[in-house]
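K.L.:
One predicted model, sequence on top.
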Amino acid sequence: MSSKITIIGAGSVGSTIAYTLASEAIASEIVMIDINKEKVEGEVMDILQGTCFRSPISMIAGEYEDARDSDIVIITSGIARKPGQTRIELTQTNVNIMKDIAPKIAKEAPNAIYIIVSNPVDIMTYVFTKISGIPEKQVIGSGTLLDTARLRCGISEHFKVAQANIHAYVFGEHGDTSFIPWTGAYISGVSVDEYYENMKALGKEIQPIDKEAMLNYVQKSGGQIIAKKGATFYAVSVTVCKLVNLVLAASDTITTVSSMMHGEYGIEDVCLSTLTLVGPNGIQGKVPMRMNKNEIEQLRKSADALKKVIAQINL
């Protein structure tokens, strides 16, 4: 696979993404950019020395001009979330960082697909979309793709069934107002509730899923990991690399990523996650999913919460 990927930010997330991309032979050329020149040089040296077992790769610690002709740009820059701190509390500091980055990188790589990872990711995706001049279809926030992965992990562990059999999603903000539209949650074509009944009929020792507890698991996992080890970076890095694969694939895929809303579910002018068609041309549009009235209302509440934050930031 021949692709040039630029990663802005050489912190734990950016460096782990670079390592994963290099290890999996996803990219043929990687550029890493960070304000801390020595840090990014060290990360590149360390990662590059472990690539002798894959096909040749070009990897440099570069400047913005080195991002020219990138196929994908991944932005991870920002101040990390501290224990007990919400993603929203990070907002203005990271908005200011994004305002510095956006014009510099957009000038050098106007045709790239941009994957925004910096938190709060929905706000950062909105800010980048508004100020960069990059077409909306080329801007993808990692959104609730990680939350969705956590949900599928939780359901898999509960029912002892392979994650590949699970089709369930987290919608809304990547944060405290996210929710699970259980109306669209299935295990191999069978609703989660029906699956429980079917397995019980087969004599499985199984408990019905506690939906409130599952949402709490999804929402609080990041904070628990930060409290225990100081940062989260493995799962989010694998998630972002999965998104890179989707962008580089030959066909489109439906997934949960953050992008600008244009009237879907009655929501306008905010970035959040619903089912989205993503592929080599970036975002192709939102895919409507059947939801009940309560679920639609939860999505609108999530949008309203993000809009309140947007109204308070200095763009």
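P.N.:
Yes, it's here. Small disclaimer: the values here were computed from a predicted structure and weren't measured.
K.L.:
Which parts of whichever helix or strand Gln284 is part of count as buried, going by neighbours?
P.N.:
Per DSSP states H and E: Gln284 is located in strand 282-286. The neighbour-count criterion (16 or more other CB atoms under 10 Å) identifies Gly282, Ile283, Lys286 as the buried residues of strand 282-286. Where C-beta positions appear, they are placed from N, C-alpha and C, glycine not excepted.
K.L.:
just stretch 285-298 next, same as before
P.N.:
If you call a residue buried by 16+ other CB under 10 Å, then stretch 285-298 has these buried ones: Lys286, Met291, Glu295, Ile296, Gln298.
K.L.:
what's the span of it, first residue to last?
P.N.:
With CA to CA, to the nearest Å as the measure, stretch 285-298 spans 21 Å from end to end.
K.L.:
which residues of the stretch 151-300 of the chain fall in helices?
P.N.:
For the stretch 151-300 of the chain, applying DSSP state H, counting those that start in this stretch gives helices covering 192-201, 211-229, 234-248, 293-312.
K.L.:
What's opposite Ile8 in the beta bridge?
P.N.:
Going by DSSP bridges, Ile8 is paired in beta bridges with Ile33, Ile75.
K.L.:
so how far is Thr93 from it?
P.N.:
16 Å (CB to CB, to the nearest Å).
K.L.:
Settle it for me: which of these two has more neighbours?
P.N.:
Neighbour totals were compared for Ile8 and Thr93, and Ile8 leads with 26 against 11 (other CB atoms under 10 Å).
K.L.:
got a list of what the more buried one touches?
P.N.:
Gly14, Ile33, Asp34, Val73, Ile74, Ile75, Thr76, Ser77, Ile101, Ile105 (CB atoms under 8 Å, 6 or more residues apart in numbering).
K.L.:
try 7 Å
P.N.:
Ile33, Val73, Ile75, Thr76, Ser77, Ile101, Ile105 (CB atoms under 7 Å, 6 or more residues apart in numbering).
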